[in-house]
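Engineer: generate a structure from the sequence data that follows.
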Amino acid sequence: MANTTSAKKATRKIARRTIVNKSRRTQMRGAVRTVEEAIKSGDREAALKAMSHAEPELMKAAQRNIIHKNHASRKVSRLTQSIAKLAK
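Structural biologist: Numbers count the residues shown, from 1 in each chain. Next up is the predicted model:
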C-alpha cells in the first residue's frame, strides 16, 4: 500500500482515470461492433453511417492513449476496406 501522501494521491488519480478509460473503451468497442454487425448483415448504408460514428471514437481513444495510434488506424482501415467490399 502507498505510504507517502503523493503516492496515495497517485493511487486515487489512477482509480479515477481507470473508470473514465473503461467507459471510453466500452463506448469505442460498441461503436466498432455496430459497424461489424452492419457489415455482416450486408447493409452498406448502415455500415457507412455506423462508421462515421466509429472512426472518431477510435481516433479519440488513440489520442487519449486508451489504444495505440497504429491499432486505431489499422482498425479504421480494415473496417473501411470491408465496407468497400460490400459495394461490389
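Engineer: looking at this protein, which helix is longest?
Structural biologist: Counting residues, the longest helix found in the chain (DSSP state H) is helix 5-41.
Engineer: chain center to the very next helix or strand once past it, what's the gap?
Structural biologist: Counting by DSSP states H and E, the next helix or strand C-terminal to helix 5-41 is helix 44-63. Its chain's C-alpha centre and that of helix 44-63 lie 9 Å apart, by Cα atoms, centre = their mean, to the nearest Å.
Engineer: got the angle for helix 44-63 vs helix 5-41?
Structural biologist: Angle, helix 44-63 to helix 5-41, by axes from the mean of the first three to the mean of the last three Cα atoms, to 10 degrees: 160 degrees.
Engineer: tell me what helix 44-63 is packed against?
Structural biologist: Judged by 3 or more Cβ pairs under 8 Å, 6 or more residues apart in numbering; DSSP states H and E, the packing partners of helix 44-63 are helix 5-41, helix 69-87. In short, each C-beta sits where N, CA and C put it, glycine included.
Engineer: closest one to residue 48 among these?
Structural biologist: helix 69-87 (6.2 Å; Cβ to Cβ).
Engineer: of all the residues in the closest one, which ones are buried?
Structural biologist: Across helix 69-87, burial judged by 16 or more other Cβ atoms under 10 Å covers 72, 75, 76, 79, 82, 83.
Engineer: report the contact partners of the most centrally placed residue in the chain.
Structural biologist: By Cα atoms, centre = their mean, the chain has its centre lying nearest to residue 28, at 3.1 Å. Shown in contact with residue 28 (Cβ atoms under 8 Å, 6 or more residues apart in numbering): 54, 57, 58, 60, 61, 66, 67.
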